[in-house]
Structure formats: C-alpha cells, structure tokens
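J.: Need the 3D shape of this:
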Amino acid sequence: MRRGIALVVLAAALAAGCGRKGPLRAPEDVQPAIISDLSASDTAAGIQLSWSRPRFYVDGERMSDLGGFTVERAVGSPAEMPFAPLARFEVSDRDRFRQISTFSHLDSDTTVGTLYRYRVVSFTVDGYVSAPSNVVTVERTAAAGSVEGEDTHGSFPTAPG
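T.: A predicted model of the protein is given here:
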C-alpha cells in the first residue's frame, strides 16, 4: 500500500516538473498576428514584395516561435481568382539577439501586362498559421528605361582608330 502511494506521489512530482510553465492557452490564441503592411513594387527584375516580421500572437502575447512564411499569388484581374502558394521559406533567427525585422521576396516569374495579387501567411514552428495578410495588387509593366524591341544592353566602346 505504501509502495503504491509512493509511486503515485513520485509520478505526480515528475509530471509537475515537465512541460510548459504557466497557464494553458487556446490554439487560436497562439496564431501569429496578421501581417498588415505587405507592399509590392514593379521592378526591372520582377515584382518585389516586402513586409514586417509579426511580433505578437493574436492574443497580444509576444511571439517567440516564428517558423516562416508562405507567399501566395493570384494571377489575373477578377478578384475572385484563387490564391495559390508561390513560395515558402523558413525563418531560422529565433534564437538570435538581433532578428530580421523586414522580409522580402522577388517574384521574377511574371509577365508584362499581367495583373498580380499577393498575400502572405506566417506560421509558427508548431504549425499554427496566421490569417492572410493585406492583399496587394500590382500590374507588371515593361522594365524602367526600356523600349519594347530596343536592345537594353550597354554598348561596347569602339577601338581607338
């Protein structure tokens, strides 16, 4: 009998020493906060996206386990066009004193004259996913300073005569 009580006490003591300290949190509270500052610009190399690192969970607690981002794209003008994953990348600076504060992605697989919509979703290392960011819309135009059909390469100097 004493042995059974001792085992129960030991098991309770070991269980109390394991796991997360502090109050339990609902899964919907540990989703990353929504990214609200996604921006896009048309560059000669493609469409450049940028956004800030989410620092908090939706419940307002400071986030310490950002896992990465999924960039999503919809092609075409109707707002009903579905988004599809374009790129996914992980963040590996969680334990660094200075973490990356601004992220960017270049979509170089674009066509001149086409309208693109983008959004970004962040996720934690445990797989909790944020709601999609603000949507940005940009139309791909010809590269700055180029004229269609014109050679955009620099010219070689002529040999001295």
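J.: Going by C-alpha atoms from here, please, whenever you check contacts or count neighbours.
T.: OK.
J.: and the helix or strand that contains Val120, what's its mean pLDDT?
T.: Using DSSP states H and E, Val120 maps to strand 115-124. For strand 115-124, the mean per-residue pLDDT is 96.
J.: hey, where'd the strands end up in this protein?
T.: 39-43, 46-52, 66-75, 84-90, 102-107, 115-124, 136-139 (DSSP state E).
J.: which one of those strands has the most crowded surroundings?
T.: strand 115-124 (a mean of 22; mean count of other CA atoms under 10 Å).
J.: Just the C-alphas of the strand holding Val120, formatted as CSV.
T.: Taking C-alpha atoms only, strand 115-124 is exported to CSV below (Å, rounded to 0.1, in the frame of the first residue of the first chain):
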residue,chain,number,x,y,z
LEU,A,115,-2.1,41.9,-63.0
TYR,A,116,-1.0,40.0,-59.9
ARG,A,117,-2.4,39.9,-56.4
TYR,A,118,-0.3,38.8,-53.4
ARG,A,119,-0.7,38.0,-49.7
VAL,A,120,1.5,36.4,-47.1
VAL,A,121,0.7,33.9,-44.3
SER,A,122,3.0,33.4,-41.4
PHE,A,123,3.4,30.2,-39.3
THR,A,124,4.9,29.1,-36.1
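J.: on contacts alone, who are the packing partners of it?
T.: When contacts are defined as 3 or more CA pairs under 8 Å, 6 or more residues apart in numbering; DSSP states H and E, strand 115-124 packs onto strand 66-75, strand 136-139.
J.: which outside residues touch that strand?
T.: With CA atoms under 8 Å, 6 or more residues apart in numbering as the test, strand 115-124 has contacts from 31-32, 34-35, 38, 54, 65-77, 83, 129-140.
J.: related to what we said a few turns ago, out of the helices and strands packed on strand 115-124, flag the one nearest Arg88.
T.: strand 66-75 (4.3 Å; CA to CA).
J.: can you give me the angle that closest one makes with strand 84-90?
T.: Here the directions of strand 66-75 and strand 84-90 differ by 160 degrees (axes from the mean of the first three to the mean of the last three CA atoms, to 10 degrees).
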